[in-house]
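[1] Would you be able to build a 3D model of this:
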Amino acid sequence: MDQRTPVALALALLVLTGCAHDGKPGAAGLRDPYFPRLGNGGYDVRHYGLTLDYAPASGRLRGIAEITARATQDLSAFNLDFAGMTVDSATVEGDKAAVHRSGTELTLRPRDGIDRGDTFRTVVRYSGTPEKITDPDTSEEGWLRSGSRAVALGEPTGSMAWFPGNHHPSDKASYDIRITVPRGLKAISNGELTDERPEGGRTAFTWHSAEPMASYLATVAIGPYRTVSTSAAEPGNGPGTPKDAGKRPRKISVPVFTAVDPTVAEESADLVAAVPGIIEWAERTLGPYPFSSTGVIIGRPRDSGYALETQNRPFLPGPTGVGTLVHELAHQWFGNSVSPKSWHDMWLNEGFAEYTEWLWEEDTKDVPVRQSFDEAYDDDDNWVFPPADPPTPADISRPPVYGGGAMVLHRVRETVGDKAFFRILRGWLRTRRHDNASTEDFTAYAERESGRDLREVWEPWLYGHGRPARG
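    Predicted structure coming up:
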């Protein structure tokens, strides 16, 4: 018999059960300026373990999402972003969770509440035909199927079409992705291939991404890809090799893994050969490559309507110009390592990648950066709105974010000088490595590192309406 008083027993019970009964549901959305319902509050995802089984003949996908997260508040329930397909079951910490769906919001109510600071594991089993998602700008993302091939592309919201999660770029996590496909096909994803295993008439491919990744950068590309893996490769002599390439040691710091659809393999050979040289040049220009491997996935032109900077290896819809590859690889630094705090900060991705293209053009084709600036300045499309303030979600991938953003950077460079500018650029990437950042974070950093009040740049070029004097 317990001799403690009723009050003592109540206190003991409180200690044993914790304070979860006082918890509240996590927010359904993070109030992103353009996608207010995207992402979810109350927890921070640390890791995704995705087990996928795809049947190209029917287009059906079976998935298990194991999500490890840390509660940032006392939780009685929490949400995941998930579009389409059927949720077959869900558990939290091994116990069945109540499930409710409303649009793209999947609400889970665990049997017991979750205390702030606790790490918890959620398992969602799901199945069905993953869908395409049409962006505000009418482009298609999500799960893009074409015959036996498929590619999953997620910017800005499409990743919710093939796995449930916290799909806002501010919640980055590590990933393990295992995809089983029919024999004869390959499944390419982010990170490093850790296992390739036959299972009857099918093959399972397992990929590991140790560095944090925003969910919109996760990808799966399924098809009869030809793959090549090299370790610390010397740059090849692909198109656009820097002028001084033959005058110095030519080693890069990470392995290169490339996957090319056989129907475009011959036309893509030079582009594939250019990857190591671009990375080697970018490491000298921007600083150390931020991930443990690199490469490229080259599909067919009809597989997607655009290229995307999927982490570790961008996806290209068929062979492109080398400038496009430079742009997408530059995103490994700008956008993938230093990711936006919200979609309002898109110019930190695209303006910086565009400017990296200008630097490449100068080093490989003798096109002065000032010439690229002048061409962008004369393009009326770059002045429709300020780079840091796209008016609607449909505008975050329009020219002012790219060309306008790159012009902002060049005006900073002309104002502070080359030495200070490249110190700012490399320092920004170093101090924000694998982090999220906002426009305000960058402007404050640039002013602090340069020792200059840069309102003469920000007000007319970054935030201003209309075309300022060329400068």
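[2] Flag the shaky bits of the stretch 201-350 of the chain, pLDDT-wise.
    232-250 (pLDDT under 70).
[3] Quick one: neighbours of Met407, just the number.
    The number of residues packed near Met407 is 30, by other Cβ atoms under 10 Å. C-beta: built from backbone N, CA, C; applies to glycine.
[4] hang on, I meant Glu266
    10.
[5] what about it, which helix or strand?
    helix 265-286 (DSSP states H and E).
[6] Show me what that helix packs onto, helices and strands only.
    strand 226-230, strand 256-260, strand 294-298, helix 322-330, helix 347-365, helix 418-431 (3 or more Cβ pairs under 8 Å, 6 or more residues apart in numbering; DSSP states H and E).
[7] what angle separates the longest one from helix 322-330?
    For helix 347-365 against helix 322-330, the angle between stretch directions is 130 degrees (axes from the mean of the first three to the mean of the last three Cα atoms, to 10 degrees).
[8] Alpha carbons of stretch 29-45, in CSV - could you do that?
    Extracted C-alpha coordinates of stretch 29-45, given in CSV (Å, rounded to 0.1, in the frame of the first residue of the first chain):
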residue,chain,number,x,y,z
GLY,A,29,1.0,26.8,-41.4
LEU,A,30,3.9,29.1,-40.7
ARG,A,31,2.4,32.3,-42.2
ASP,A,32,4.8,32.4,-45.1
PRO,A,33,4.0,35.7,-46.9
TYR,A,34,3.1,33.8,-50.1
PHE,A,35,2.1,30.3,-48.8
PRO,A,36,0.7,30.9,-45.3
ARG,A,37,-0.6,27.3,-44.9
LEU,A,38,2.7,25.8,-45.9
GLY,A,39,4.8,24.2,-43.1
ASN,A,40,3.6,23.6,-39.6
GLY,A,41,4.3,24.9,-36.1
GLY,A,42,5.1,23.2,-32.8
TYR,A,43,8.0,20.9,-33.9
ASP,A,44,11.2,20.8,-35.8
VAL,A,45,11.9,17.8,-38.0
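[9] Just the buried residues of that stretch, please?
    Neighbour counts over stretch 29-45 (16 or more other Cβ atoms under 10 Å) mark 29-30, 32, 34-35, 37-43, 45 as buried.
[10] tell me the contacts of the closest residue to Ala330 other than its chain neighbours?
    With Cβ to Cβ, 6 or more residues apart in numbering as the criterion, Ala330 has its nearest non-adjacent residue at 3.7 Å, and that residue is Thr356. Counting by Cβ atoms under 8 Å, 6 or more residues apart in numbering, Thr356 makes contact with Ala282, Thr285, Leu286, Val326, His327, Ala330, Trp333, Phe334.
[11] With Thr263 instead?
    Residues near Thr263 by Cβ under 8 Å, 6+ apart: Arg300.
[12] any idea how far Leu329 is from Ser159?
    Taking Cβ to Cβ, to the nearest Å as the measure, Ser159 falls 21 Å from Leu329.
[13] Repeat that for Ser450.
    In terms of Cβ to Cβ, Ser450 sits 27 Å off from Leu329.
[14] Of all the helices and strands packed on helix 265-286, which one is nearest Ala69?
    Comparing the helices and strands packed on helix 265-286 by their distance to Ala69 (Cβ to Cβ), the top pick is helix 347-365, with 25.3 Å.
[15] CA atoms only for that closest one - export them in PDB, please.
    Extracted in PDB, the C-alpha atoms of helix 347-365 (Å, rounded to 0.1, in the frame of the first residue of the first chain):
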ATOM      1  CA  TRP A 347      16.200  36.700 -54.600                       C
ATOM      2  CA  LEU A 348      18.800  35.300 -52.200                       C
ATOM      3  CA  ASN A 349      18.600  32.100 -54.200                       C
ATOM      4  CA  GLU A 350      18.100  33.300 -57.700                       C
ATOM      5  CA  GLY A 351      19.900  36.700 -57.800                       C
ATOM      6  CA  PHE A 352      23.000  35.100 -56.300                       C
ATOM      7  CA  ALA A 353      23.000  32.100 -58.700                       C
ATOM      8  CA  GLU A 354      22.500  34.500 -61.600                       C
ATOM      9  CA  TYR A 355      25.500  36.600 -60.500                       C
ATOM     10  CA  THR A 356      27.600  33.500 -60.200                       C
ATOM     11  CA  GLU A 357      26.700  32.900 -63.900                       C
ATOM     12  CA  TRP A 358      28.000  36.300 -64.700                       C
ATOM     13  CA  LEU A 359      31.300  35.600 -62.900                       C
ATOM     14  CA  TRP A 360      31.600  32.300 -64.800                       C
ATOM     15  CA  GLU A 361      31.000  34.100 -68.100                       C
ATOM     16  CA  GLU A 362      33.700  36.500 -67.300                       C
ATOM     17  CA  ASP A 363      36.200  33.800 -66.400                       C
ATOM     18  CA  THR A 364      35.400  31.500 -69.300                       C
ATOM     19  CA  LYS A 365      34.200  33.600 -72.100                       C
END
